[in-house]
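>>> quick one, fold the following:
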Amino acid sequence: MTVAAAVGLVLVQIGGITVHVRRGEFRVLGLNVALLVLAVVEVWLATIWL
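Down below sits the predicted model:
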């Protein structure tokens with residue numbers, strides 16, 4: 001269940017980054033990138049320990 005939530009967060013953050021880049025809002029990308037990295041690490045750690 002946690003893996004599914006993390007994958008969903010990855011998809012949401014990719015969408016958010018895409019929207020911000022299209023709007024030219026580069027200053028607000030930091031939070032999206034940080035959350036994306038954390039979610040990817042969580043998915044990776046959860047899948048190697050299954």
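>>> in the helix or strand encompassing residue 44, which residues are buried?
In this structure, residue 44 sits in helix 29-48 according to DSSP states H and E. The neighbour-count check on helix 29-48 (16 or more other Cβ atoms under 10 Å) flags 32, 35, 36, 39, 42, 43 as buried. Just so you know, the C-beta spots here come from the backbone N, C-alpha and C atoms, and that holds for glycine as well.
>>> now stretch 15-22
For stretch 15-22, the buried set under the neighbour-count rule, 16+ other Cβ under 10 Å, comprises 16, 17, 20.
>>> now the helix or strand hosting residue 19: average pLDDT?
Taking DSSP H and E as the criterion, residue 19 maps to helix 2-23. For helix 2-23, the mean per-residue pLDDT is 94.
>>> only alpha carbons, please: show that helix as PDB.
Output in PDB follows, covering the C-alpha atoms of helix 2-23 (Å, rounded to 0.1, in the frame of the first residue of the first chain):
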ATOM      1  CA  THR A   2       2.800   2.400   0.800                       C
ATOM      2  CA  VAL A   3       4.500   1.700  -2.500                       C
ATOM      3  CA  ALA A   4       1.300   2.500  -4.400                       C
ATOM      4  CA  ALA A   5       1.000   5.800  -2.500                       C
ATOM      5  CA  ALA A   6       4.600   6.700  -3.200                       C
ATOM      6  CA  VAL A   7       4.100   5.900  -6.900                       C
ATOM      7  CA  GLY A   8       1.100   8.100  -6.900                       C
ATOM      8  CA  LEU A   9       3.000  10.900  -5.300                       C
ATOM      9  CA  VAL A  10       5.800  10.500  -8.000                       C
ATOM     10  CA  LEU A  11       3.200  10.900 -10.700                       C
ATOM     11  CA  VAL A  12       1.600  14.000  -9.000                       C
ATOM     12  CA  GLN A  13       5.000  15.600  -8.600                       C
ATOM     13  CA  ILE A  14       5.900  15.000 -12.200                       C
ATOM     14  CA  GLY A  15       2.700  16.600 -13.300                       C
ATOM     15  CA  GLY A  16       3.300  19.500 -10.900                       C
ATOM     16  CA  ILE A  17       6.800  20.000 -12.300                       C
ATOM     17  CA  THR A  18       5.400  19.900 -15.800                       C
ATOM     18  CA  VAL A  19       2.800  22.600 -15.000                       C
ATOM     19  CA  HIS A  20       5.300  24.900 -13.300                       C
ATOM     20  CA  VAL A  21       7.800  24.600 -16.100                       C
ATOM     21  CA  ARG A  22       5.100  25.400 -18.700                       C
ATOM     22  CA  ARG A  23       4.100  28.500 -16.800                       C
END
